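Asker: need the 3D shape of this:
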Amino acid sequence: MCSTAILNIIVSDCSTCLTVSSGRTNRTAMFLFRRFSNLMTGLLIYAIITSFVIVFYVLLPVRVGLNTGSVYKLGSREIKDYGVVRLQQSETNDKLVMVDHHDHEFSPENNVNICEIFDVIKSVDPTASTLNSNLFCDEYANSTDLACRRFYFQNGLPENGMCKRTSKDNVVPKIVYYVIFGAYTFKFWEYVSVMSAKKFINPTAIYVIADAHPLGYWWQRVLSDVTGVRFIYRERPKIGNSTVKWKHHLSDLVRLQMLLANGGIYLDTDMVVVRSLDPLRHNDITMGLIENGTGMGNALIMARRGSPFVREWYENYSNYKSDQFYRNSLHVPRDMWIRNPKSIHLESDRFYRPNWFEADLLFKKTDYPWRNNYAIHVWTNGNPVPKSPEVLRKLNTTIAQVFRHVLYDDPEIEGHS
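Answerer: Residues are numbered from 1 along each chain as shown. Take a look at the predicted model:
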């Protein structure tokens, strides 16, 4: 009896404990459920607000901006980060802008209107009207290398997809141009220039644009040693109704036409590249100031397709002064840079030093630190430029070191045949 009574008491007490414990558990569960519900409601409201912000402040402006072909100018308010570029919206208007980490403006990918650019080109150069307008205005214009298409067209060959662009419009494409007018015999240092472009730029194509084929042994060596060099015939352009006194100005004009419509890297034939230009390809345009009096050098120009800087520079040829040798080619871009330093990336020392007034550093001395350069300008006028590999093997000067670096991977004198 005693044992049974004790057992009944224990069972009764345990039932009471379970009842109390169960009540507490239910209250705790209800409390946690309410907290969880409040949290989920808050997250839902946050998600809805965030969605509206994305739609109305990012996606909708981008869609409207790209579809209406907005004019792209520097804005001030950041909308979305894309890594090396930022998409911004101006506080003063509804137009969008793409800006790289140097704050240089450029057109977004695939938004360059090539047909409109063709009209700009014709507005200065009447001979451009004779070019095949389909190359600029058909459905393939935006996605192809226009110089490649012109090459195939001139040679009566089908493209068969061979001219597709291999880079986006937000970088400078690895397309190299040389532009020459008049009878021209290639020299040894010009062969070195083309070899340097092949070696250090690794271009998708090298175009020599001229009104006649270059001549001479070193041109034949270019054709045999550099796969992919393409000659494009171009009749001599005109600059409005002006009489052009210097054929140099014809090349100055056509190089801008090619860069504006196609993008790429223009080189004078006395410009020697000494290392990769890839670090500069994300700039809208890269040039170098020779010095303030001479102006902005145009012997090496890297530019994106549709570059706003190149377009403004080209349009200034409507005010061409035929009696001023440097004005449109060197002074106009210098003055544009002075007005808006952020509109262009400069590599003055690494493009143009040693300068023309420092020629002894190239042609008489051996200690200039040329490996810091991207390129060397060979100041040929009146200077002892190496004229053959035989001379090069024996010459102990900076320019000889540079040439041997390009041709033999070794700037030293000994061991080259």
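Asker: all strands for the stretch 51-200 of the chain, in order.
Answerer: Ranges of strands in the stretch 51-200 of the chain, per DSSP state E, counting those that start in this stretch, are 77-81, 85-89, 96-100, 105-106, 175-180.
Asker: tell me the SS of residue 208?
Answerer: Put simply, residue 208 is strand when judged by DSSP: H, G, I helix; E, B strand; the rest coil.
Asker: pretty sure it sits against residue 226.
Answerer: No: using CB atoms under 8 Å as the test, residue 208 is too far from residue 226 to be in contact (10.3 Å). Heads up, the C-betas are built off the backbone N, CA and C, glycines and all.
Asker: looking at these two, which is more packed in?
Answerer: Between residue 208 and residue 226, counting by other CB atoms under 10 Å, residue 208 is the more crowded of the two (22 against 16).
Asker: tell me the spacing between the more buried one and residue 190.
Answerer: Counting by CB to CB, to the nearest Å, the separation of residue 208 from residue 190 is 10 Å.
Asker: which residues in this structure form helices?
Answerer: 2-54, 60-67, 114-124, 134-137, 146-154, 188-196, 217-225, 248-262, 308-315, 332-339, 348-352, 359-363, 389-394, 398-408 (DSSP state H).
Asker: what's the longest strand in the protein?
Answerer: When the chain is parsed with DSSP state E, its longest strand is strand 295-303.
Asker: give me the contact list for it.
Answerer: Residues from elsewhere that reach strand 295-303, judged by CB atoms under 8 Å, 6 or more residues apart in numbering: 172, 252, 255, 259-260, 263-268, 270-271, 277, 280-281, 283-290, 309-310, 326, 329-331, 333-334, 337, 348, 351-352, 374-375, 377.
Asker: quick one: buried ones out of those residues?
Answerer: The neighbour-count test (16 or more other CB atoms under 10 Å) marks 172, 252, 255, 259-260, 263-268, 270-271, 277, 280-281, 283-290, 309-310, 326, 329-331, 333-334, 337, 351-352, 374-375, 377 as buried among the contacts of strand 295-303.
Asker: gap between residue 135 and residue 303?
Answerer: 19 Å.
Asker: and those two? which has more neighbours close in?
Answerer: Per other CB under 10 Å, whichever of residue 135 and residue 303 has more neighbours is residue 303, with 29 against 21.
Asker: quick one: that one from residue 325, how far?
Answerer: Per CB to CB, residue 303 is found 23 Å from residue 325.
Asker: confidence-wise, which of the helices of the chain is weakest overall?
Answerer: Among the helices of the chain, helix 60-67 carries the lowest mean pLDDT, a mean of 33.
Asker: residues shared between the contacts of residue 208 and residue 226?
Answerer: Common neighbours of residue 208 and residue 226 are not found (criterion: CB under 8 Å, 6+ apart).
Asker: hang on, isn't residue 344 packed against residue 280?
Answerer: No: counting by CB under 8 Å, residue 344 does not reach residue 280; the two are 11.6 Å apart.
Asker: which neighbours do those two share?
Answerer: Counting by CB under 8 Å, 6+ apart, the common neighbours of residue 344 and residue 280 are residue 286.
Asker: pull the number of nearby residues for residue 245.
Answerer: When neighbours are counted by other CB under 10 Å, residue 245 registers 11.
Asker: now it, nearest residue through space, not along the chain?
Answerer: residue 322 (5.4 Å; CB to CB, 6 or more residues apart in numbering).
Asker: quick check: that neighbour vs residue 237, distance?
Answerer: Distance, residue 322 to residue 237, using CB to CB: 13 Å.
Asker: neighbour-wise, which of these two wins?
Answerer: Neighbours were counted for residue 322 and for residue 237 using other CB under 10 Å; residue 237 has more, 22 against 15.
Asker: distance of residue 170 relative to residue 294?
Answerer: In this view, residue 170 and residue 294 are 32 Å apart by CB to CB.
Asker: neighbour count winner among these two?
Answerer: residue 170 (21 against 16).
Asker: the more buried one contacts residue 306, correct?
Answerer: No: judged on CB under 8 Å, residue 170 makes no contact with residue 306 at a distance of 10.6 Å.
Asker: count of neighbours near residue 364?
Answerer: 12.
Asker: relative to residue 376, how far out is the residue lying closest to it once chain neighbours are set aside?
Answerer: Nearest residue to residue 364, sequence neighbours excluded (CB to CB, 6+ apart): residue 397, at 6.4 Å. Per CB to CB, residue 397 is found 12 Å from residue 376.
Asker: sheet partners, orientation included, of the longest strand of the chain?
Answerer: Sheet pairing of strand 295-303 (DSSP bridges) gives strand 264-267 (antiparallel), strand 285-291 (antiparallel).
Asker: buried ones in that strand?
Answerer: Quick answer for strand 295-303 (16+ other CB under 10 Å): 295-303.
Asker: what angle sits between that strand and helix 308-315?
Answerer: On the basis of axes from the mean of the first three to the mean of the last three CA atoms, to 10 degrees, strand 295-303 is oriented at 120 degrees to helix 308-315.
Asker: ok, the residue nearest to residue 245 - contacts?
Answerer: Residue 322 neighbours (CB under 8 Å, 6+ apart): 239, 242-245, 249.
Asker: ok, so of these, who is nearest residue 317?
Answerer: Using CB to CB, residue 239 comes nearest to residue 317 of these, at 5.7 Å.
Asker: tally of neighbours for the closest residue to the closest one other than its chain neighbours?
Answerer: Nearest non-adjacent residue to residue 239, counting by CB to CB, 6+ apart: residue 320, 4.7 Å away. Residue 320 has 18 neighbours, counted by other CB under 10 Å.
Asker: do the same with the one 5 residues further on
Answerer: The burial metric for residue 325, expressed as a neighbour count using other CB under 10 Å, is 14.
Asker: can you check residue 38 too?
Answerer: Here the count is done by other CB under 10 Å, and residue 38 has 10 residues near it.
Asker: cool, and residue 395?
Answerer: Number of residues near residue 395 (other CB under 10 Å) recorded here: 17.
Asker: ok, for it, nearest residue in space, not its chain neighbours?
Answerer: Computed as CB to CB, 6+ apart, the closest residue to residue 395 that is not its neighbour in sequence is residue 386, at 5.8 Å.
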